[in-house]
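Enquirer: Curious how this folds, go ahead:
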Amino acid sequence: MKKVLEELDFVNWYKALSASHQPVQRFADYDADEAREMIAEFGYPGTTYIPAALFYIVVDADDEDLDAGLNLSLKDGQLEMVLNLAIGGKHRFSGSFSLVCEKLGHKEAIEKPAFANYKELYALLKIVFAKFEQIKERMMGLSSKNTTMLSFVKE
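Expert: Numbering: from 1, shown residues only. You can find the predicted model right below:
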């Protein structure tokens, strides 16, 4: 998994995403159902919203060896994303995009991308889901035997 994320230049992608999505005014008063409908438009109709935790669970599994999902929080007009991956039912990783960057060697904090309205949220989700699909495509077919997860045993 580490190799896949490095090949996709995940750290630079996330830094650029964050830098380009920092509006002065943040949209914190969004409608949870409208946001869920947006997520469904991207091909994730089974998304669950957990009001007590203020996040959405997006689960997607196109491959018998790969369980992939995202948890999304829109709290305070910022998009926090948690990547969840399991390969072959054995190797598991779950961490925020910031933690993924840290595990890949990036030391400075990266601010969460933010949005000022529904249009900006939609554009942000489009970019995030495109990257999520890239990660899944690269991860499919990897067996638990040839995968180094983000616990990062030194290679």
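
Enquirer: Please name the bridge partners of Glu80.
Expert: Beta-bridge partners for Glu80, by DSSP bridges, are Ser73.

Enquirer: Ala114 too?
Expert: The partner residues for Ala114, given DSSP bridges, come to Gln78.

Enquirer: Leu125: which element?
Expert: helix 118-139 (DSSP states H and E).

Enquirer: hang on, His106 is in a helix, isn't it?
Expert: No: looking at His106 with DSSP: H, G, I helix; E, B strand; the rest coil, it is coil, so not inside a helix.

Enquirer: Just list what the helix holding Leu125 packs against, helices and strands only.
Expert: When contacts are defined as 3 or more Cβ pairs under 8 Å, 6 or more residues apart in numbering; DSSP states H and E, helix 118-139 packs onto helix 2-7, helix 10-20, helix 32-41, strand 55-63, strand 66-73, strand 80-87. C-beta: built from backbone N, CA, C; applies to glycine.

Enquirer: Which positions in it come out as buried?
Expert: Across helix 118-139, burial judged by 16 or more other Cβ atoms under 10 Å covers 120-121, 124-125, 127-129, 131-132, 135-136, 139.

Enquirer: Redo the helices and strands packed on helix 118-139 as JSON lines? Include distance to Ser94.
Expert: Converted to JSON lines, these look like this (distance: least, Cβ to Cβ, whole Å):
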{"stretch": "helix 2-7", "distance to Ser94": "14"}
{"stretch": "helix 10-20", "distance to Ser94": "15"}
{"stretch": "helix 32-41", "distance to Ser94": "19"}
{"stretch": "strand 55-63", "distance to Ser94": "12"}
{"stretch": "strand 66-73", "distance to Ser94": "8"}
{"stretch": "strand 80-87", "distance to Ser94": "5"}
